[in-house]
Every structure is written in structure tokens, then in C-alpha cells.
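Trainee: Okay, here's the prediction I keep looking at, along with the sequence it came from:
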Amino acid sequence: MKFKTQKIAYWFFASALLLLVLQIVYGFIMGFAHMGYDGLHNIIPFNTARAVHTNLLLVWLLLGFMGSAYFIIPEEAERELAWPKLAYVQLISFLLVGVTAVVCYHMNIWEGRKFLEIPRPLDWLVVGNILLFLANIGWTIWNGKRFTTTSIVLYMGLLCAALLYLPGMIDFDNQTLDSFYRWWVVHLWVEGVWELIMGGILCFLLIKLTGVDREVVEKWLYIIVGLTFISGILGTGHHYYYIGVPHYWLIVGGIFSALEPLAFLGMAMYALAMAKKGGRKHPNKTALTWTLGCAIMAFVGAGFLGIAHTIPQVNMWTHGTLVTAMHGHLAFWGAYAMIVFAMIAYAMPLMTGRKLWDTNASTYGFWLSNIGMVAMTGAFAVAGISQVVLERRTGIDFMEVQKEIEPHFFGLVLAAGLFTIGILLFILNFIRYGRPTDEALNSDPADT
Amino acid sequence: MLSKSQARAFFLGGTGVFSLAFLGLTYDSHKQVPKQTNEDKLTEQVIRGKKIWEKNNCMGCHTLFGEGAYYAPELTKVVERRGKDWMRLFLKDPQAMFPGERKMTDYDFSDEQIEDVIAFFEWCGNVDLNGFPAKPPLGRVAAPIVTTGKSDVPQPELFKTICIACHSVGGVGGIVGPALDQVGTRIEREPMKDWIRDPQKIKPGTPMPQIPMTPEQLDEIVDYLQGLSNNQ
Ligand code: HEM
Ligand code: HEM
Ligand SMILES: [Fe+2]
């Protein structure tokens, strides 16, 4: 850590991990409901649990991105953050909005559109909040000592994410158009601008952890985010196959979304190549493991499991089944959860001055959470494929099929248990680091 | 080897070109959507139904156009699949229809709200979705026994509106339950009455719902079903 204000990241990371735990609790509620144990139905019906689960996911990932930006931007711009107090105000207000939304979901107050459930007045607060955040880091970059590609890409990603939130707030009476613009948020986030954020953070970590020359790392960053947009923008079409828009989307979406895995493949190869090439051996191996793990799992979850159902002829059968949930879990985990974890694993020793990177908790935290998540993906896959064959291909009634696949949700809950142990170990290690301190200034072991 | 400024040009150029292409296709889609979705049939009632759908986050359990959650049935073609009368009965009290099964929230809808919701689903069911949802190609190949469908007594109203959503007679009707043409040869009057009165009691967990009816209606239906097998 080189600047005092980088410590702010700690509070963002701590809040993110707290919300992750809450997200997992609601995940279990749904897992049990799918198994036939819906005893909580009267207090927390499935749609409440689901909205809380997915919205907390988005909120904690955004908190993780913001924390990462507050850590990275001062270091890249070589100056203190412009308005540190504002960052705390922004954190607290963001958390309040999140908590309010969660409470609303328990009272049947929402907008009722998947992933964008939060009530309209809160949408505006989110927008205002993100503007504060963007102003803060924007001003820091603008007045910084240097402009780096890493910080520009990261900033552009965050800015575009905020802009793309707006189309999701247009109201339509036509369900087809509603759905059309919902994807401008959901798809263009995860398969577009969020990849810029991920790429920016990945690039920062690779420069720091492998010591490869910045020019080389950043050049490849441009190529990769270029591939992302070339494939990902028209790739939005893979959500337009069957919602009531013209047939040409089957062709456009099919071709371009099939190219999307290239960006993820590029990301994985790039991370591995840089790690191999890097001369400097940074002692924080856990951070490097999370970084490389992220690049690989993002390819598996988003790229491989994405292409598995993105061809229109396949998607006709898998569209809106548990196969989608299988892909959603590993993709979000690999690409976005793991990049936040990598950033936390890298930043904690620097903010606290303690070197807890090769403890058992941190090693097992990595392996158990990843093995658990892969096993969860497997359980969703078996349930999803059975559903496709029985319900979609054979024509057996939906509810009959759901009974048939209940046992796979037992498997899901077991795997989720393993995953959760891994997460708790990571959090245990996080707690043992203690609070960030100014004594940790200039303590990067790689610099000495 | 590519320089950094060339790499940046690749990124900016690619993004620019494909964003424009995307906006162009969006514009064209906007022009075609009114026809493809029958916007002329998008009445006030349909819009009210859509508001109910959103206000209660039905998408948090169900899918519509294949979008939503994977906990409850896909609803795009629900009107075609179940029929309006069945839906009226179901939406009035969703848990009574399938006791002991995975629960749907009971919303206490008024009759008017139910009509709004049904109108919304009917509109959705008529949108041209490029072939989704496809008919199951492997189907329940053992096609229902097709018979004359004649009985000693005419088909009761309740049977015509509710039971036919799941059962077929004379090759007409749903495929959720077995065809009933010859059920009278297998099930006697009294056990049949017990079954229809409360299927869950006879066979817990069966997908056949309990359908509220008066004893007279029950007699009518059993007469009808028993009468079917006399006419094969
Ligand atoms: C990190 C990147 C990605 C994340 C986080 C992600 C996540 C998700 C999620 C959550 C959904 C469900 C959306 C909904 O139904 O509302 C979804 C759907 C889908 N994703 Fe991804 N995805 C990613 C990348 C990809 C890629 C690269 C591809 C293609 C190669 C892909 C193909 C698909 C397809 C075809 C669907 C639609 C499934 C359906 O019809 O139900 N995804 N994705
Ligand atoms: C560890 C315990 C977890 C359990 C038991 C669990 C379970 C579930 C279940 C049952 C669903 C609903 C599927 C449906 O609609 O029927 C769901 C949705 C979802 N979960 Fe989880 N989950 C867990 C953790 C996570 C994590 C860590 C992530 C992100 C990294 C995640 C991301 C998602 C997403 C994106 C969806 C929406 C998927 C879609 O719409 O296709 N979950 N989860
Ligand atoms: Fe997508």
C-alpha cells in the first residue's frame, strides 16, 4: 500500500463478504425448496428468496469492484483519493439501499423483472450513488500523476455499467420490449462492460504479481476487451431468439455469441502466459492462485458452459431450464466472484501489514470453495439435463419432472455445503488479518 | 508484432462498428415488433394483467417466454394448455388445487384481476416466438386410445371445462393425465367417486388435483365416465 486512502477498500471488502454470506443463506432456502422442503414458504416464498439471492450477488460484486477501484486507482494515479469521506458516505448509502431493497422483497414490493427487481425509487438512489463513486475516482484519475491503460479500462467499465443501467428503467407495455431492454442491462453488463472491469483488475494484479512489463500486459488487455465487445455486443442476440423479435436474431446472436468464449479463452491464456513469463516471484502465492483460478474458471463457466447452450438449436430446448442456472453459477463465480477474491487476497496483506497468505485457512478456502462450486455446477447440470429430456423433449408435465429431479437438489445442497465451508475459511482468514493500518504503508514485500 | 496503439485502435474500432450494427438492428426490431407481437390486441386489460404479473414478481418462480425462475411451470402457452376455466379455478385458490405439492403464493385475486391475468397470458401465448416452446419430439408416443368418445349421457359442463385440460376423451383433450375412454372398465363407481373427490387421499402426491364440486356434479361426471365404456 502506497497511499493512506487505499485503506478504504477494506470496508468495501468486508461488507461484500458479509453480503455474500447472506446470499448463500438464501441460496440454501431455494435449494431446500427445490428438494420439497418449502416450510418457509409463508415467510420467505421462493420468489423472495430468489430476488434476495441474485440481488445480493450483484450488490456484493459491485461493492467488491468499488473496493478494488478504491485500492487500484490511487496506486495507478499516484495520488491520494480525491474525497475519502465521500467514499464512506457512498459505502453506507449503498448498503442502506441494498438492505431496503431486501426488506421490500419480503413485503411483496418490487418491480418483478428478473435481476432488476429493485423498486423504482431505489433505482434512482443507486444511480446517484454510482455517480458519487464515479466522480470520486474520476477526479482522482484526472488529477493524478499518470494515466494508465489499466485505470482507464477499469474506469470505462464502471462508467458504462452505470450508463447501461438506464435502459433497464424504461417502462414498456409490451412484454417483448420489456425483455428486450432488460438484456441491455443484464447481458451487456456480464458479457460486456463487466469484462472490462474484470480485465482492468486482472491486468493490475498481473502487473503486480508477475512483474511482467506494463506495456506488454496492457497491450493484450486492449486485444481482449476488443474481442469482448466485437462478439458480446451482437451476442446479446442469444437472448433474443425466443422473445418475440425478428428471426434474424437467431443468426446474428448465434454467430456472435459463439465467438464470445474467445475473449475468455484469451483472458485465460494471457493470465497463464504472463505468470509463466514473469521473472519476479511475488511471495503472495494465494493472490496469484486466485488470479489464475479466476481466468481459468471464467473460461470454463462463461465460455465453455456458455457455448454449450448458446446455439439456437440447443437453446430451443434448454431455454429457461436449470441448465441456465448451471451456467449462471459457474460463470458468475469464475469471472466476477473470483476476481474480487483475488483482489482481496492481494490487498489484505498490503493494507494490514500482516502476511497471512499461506495459512491453511487461505489454502483450503480456495480449494474447498472451488471444488464445491464445480460440484454444484454438476448437480445443476444433471438436474437441468434431466429436465430438458423429460419435460421439453418427452412432454412430461413440469411438476412431475420436478419431483423426479428432487434428489439432484440433495446433491446440490451437499456441494453447496462444501462451497460454504470454503467461503467461511476465506472469511476466517480475512478476519485474522485485522484492520488496515497506516503502519502498512510501503510494505509491499515485492518492492523490497 | 502489434503495437499498443494498434491494439487500442482495434478495441475502439471494433466497439464502434459493432455498437452501430447493434443499434441498427434494434431500430429494425422496433419496427417489426408491433406486428410480431400483435400490438393491436394489447388492450387495457392485458396491460393490467402485466402490471399484476410484475407487481407480484411471478417471474421469481415461473418463466414466461423462457425467462424467469425454474421453480414453477413455464407460462407462455398456459391458456392453450389448461383452458380459461381451469385457470379461473386455479388462480382463485392455487393451493387447493394441488394440496401437499410445491406451493404457489395465494394472492386472493378478485375475479376481475383473474380475468386480467388470463388476458395477459392469452396475449403472450399469441406472440410469434420463432417457434418456442417447441412441441416435444419424443412425445408420449403411446397415443391415447382413440375411441368414439360417446357416452350414455352428454359430457358434463365441469368435465368439458376442467378435466379435459388434463385428460382426453375420444382423442380430444390434454395429456397430463391418462385418457379416460375406458376408465369405467377398470374403476368401479364408488372407488371412482372417492378418487375424484380427493385424489390426494387415495394416492398422496399424485399430480391429479382436487377439484371442488357439488355431490350432484360428481354424480354427473361419474355417470358420464362409466357410460363411456358402454359405447366402445
Ligand atoms: C461472465 C460471464 C457470464 C455470466 C456471469 C453469465 C451469466 C448468465 C446468467 C445469470 C444467465 C441467466 C440470465 C437470465 O435468464 O436472466 C445467462 C444466460 C445465458 N448465457 Fe451467460 N453468462 C456469461 C457469459 C456467457 C457466454 C460467454 C455465453 C456464450 C457463449 C453465454 C451464454 C448464455 C446463454 C445462451 C444464456 C441464455 C440461457 C437461456 O436461454 O435460458 N453466457 N448467463
Ligand atoms: C452456496 C449455496 C448456493 C445455493 C444452494 C444456490 C442455489 C440457487 C438456486 C436453487 C437458484 C434458483 C434456481 C431457480 O430459479 O430455480 C439460484 C439462482 C442463482 N444463483 Fe445461486 N446458489 C448458491 C450460491 C451462489 C453463488 C455463490 C452465486 C454466484 C457466484 C450464485 C449465483 C446465482 C445466480 C446468478 C442465480 C440465477 C440463475 C439464473 O437465473 O439462471 N449462487 N441459486
Ligand atoms: Fe448473454
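Mentor: Looks like it arrived, so ask away. Ligands and ions are numbered 1, 2, ... in the order given.

Trainee: Any idea how many residues pack against residue 74?
Mentor: Since you didn't name a chain, this refers to chain A. 27 (other C-beta atoms under 10 Å in any protein chain shown). Placement of C-beta: from N, CA and C, glycine included.

Trainee: Please refer instead to chain B.
Mentor: 23.

Trainee: What segments of chain A are strands?
Mentor: With DSSP state E, there are no strands along chain A.

Trainee: For the residue positioned nearest the centre of it, give its distance to A:Met198.
Mentor: In chain A, the centroid-proximal residue (C-alpha atoms, centre = their mean) is A:Tyr336; its distance is 2.8 Å. The gap separating A:Tyr336 from A:Met198 is 7 Å, by C-beta to C-beta, to the nearest Å.

Trainee: who touches the residue nearest to the centre of chain A in this structure?
Mentor: By C-beta atoms under 8 Å, 6 or more residues apart in numbering or on different chains, the residues touching A:Tyr336 are A:61, A:64, A:190, A:194, A:198.

Trainee: do A:Leu305 as well
Mentor: By C-beta under 8 Å, 6+ apart, the neighbours of A:Leu305 are A:326-327, A:330-331, A:377.

Trainee: please redo it, this time with the cut-off set to 7 Å
Mentor: A:326-327, A:330-331 (C-beta atoms under 7 Å, 6 or more residues apart in numbering or on different chains).

Trainee: quick revisit: ok, and the most crowded of the contacts of A:Tyr336?
Mentor: Going by other C-beta under 10 Å, A:Met198 tops the contacts of A:Tyr336 with 30 neighbours.

Trainee: That one: what's its closest spatial neighbour, skipping adjacent residues?
Mentor: A:Ile339 (5.0 Å; C-beta to C-beta, 6 or more residues apart in numbering or on different chains).

Trainee: I figured the one you found hits A:Cys294, correct?
Mentor: Yes. Counting by C-beta atoms under 7 Å, A:Ile339 touches A:Cys294, with 4.9 Å between them.

Trainee: For the stretch 301-448 of chain A, what lies in contact range of ligand 2?
Mentor: Applying C-beta under 6 Å from any ligand atom, we find that the stretch 301-448 of chain A lies next to ligand 2 at A:324-325, A:328-329, A:332-333, A:337, A:412, A:416, A:419-420.

Trainee: What of chain B?
Mentor: B:69-71.

Trainee: Please convert these to a markdown table, extending it with neighbour count.
Mentor: Shown next, in a markdown table, are the residues of chain B next to ligand 2 (neighbours: other C-beta atoms under 10 Å in any protein chain shown):
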| residue | neighbour count |
| --- | --- |
| B:Ala69 | 22 |
| B:Tyr70 | 23 |
| B:Tyr71 | 23 |
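
Trainee: show me where chain B has strands.
Mentor: Under DSSP E, chain B gives strands at B:63-64, B:67-68, B:168-169, B:172-173.

Trainee: residues in contact with A:Tyr338?
Mentor: Slight slip there: residue A:338 is Met, not Tyr. A:290, A:293-294, A:297.

Trainee: The nearest residue to it once chain neighbours are set aside: how many residues sit nearby?
Mentor: Distances taken as C-beta to C-beta, 6+ apart put A:Cys294 closest to A:Met338, at 3.7 Å, once the chain neighbours are dropped. A count of neighbours around A:Cys294, defined by other C-beta under 10 Å, yields 28.

Trainee: next one: B:Gln226
Mentor: 19.

Trainee: Tell me how far it lies from A:Asn47.
Mentor: Distance from B:Gln226 to A:Asn47, by C-beta to C-beta: 43 Å.

Trainee: For chain A, give the residue positioned nearest to ligand 1.
Mentor: For chain A, the residue closest to ligand 1 is A:Gly306, as judged by C-beta to the nearest ligand atom, at 2.4 Å.

Trainee: got a list of what that residue touches?
Mentor: A:260-261, A:327, A:331.

Trainee: repeat for A:Phe419
Mentor: Contacts of A:Phe419 (C-beta under 7 Å, 6+ apart): A:369, A:372-373, A:376.

Trainee: do the same with A:Leu61
Mentor: Contacts here follow C-beta under 7 Å, 6+ apart; on that basis A:Leu61 touches A:336-337, A:340.
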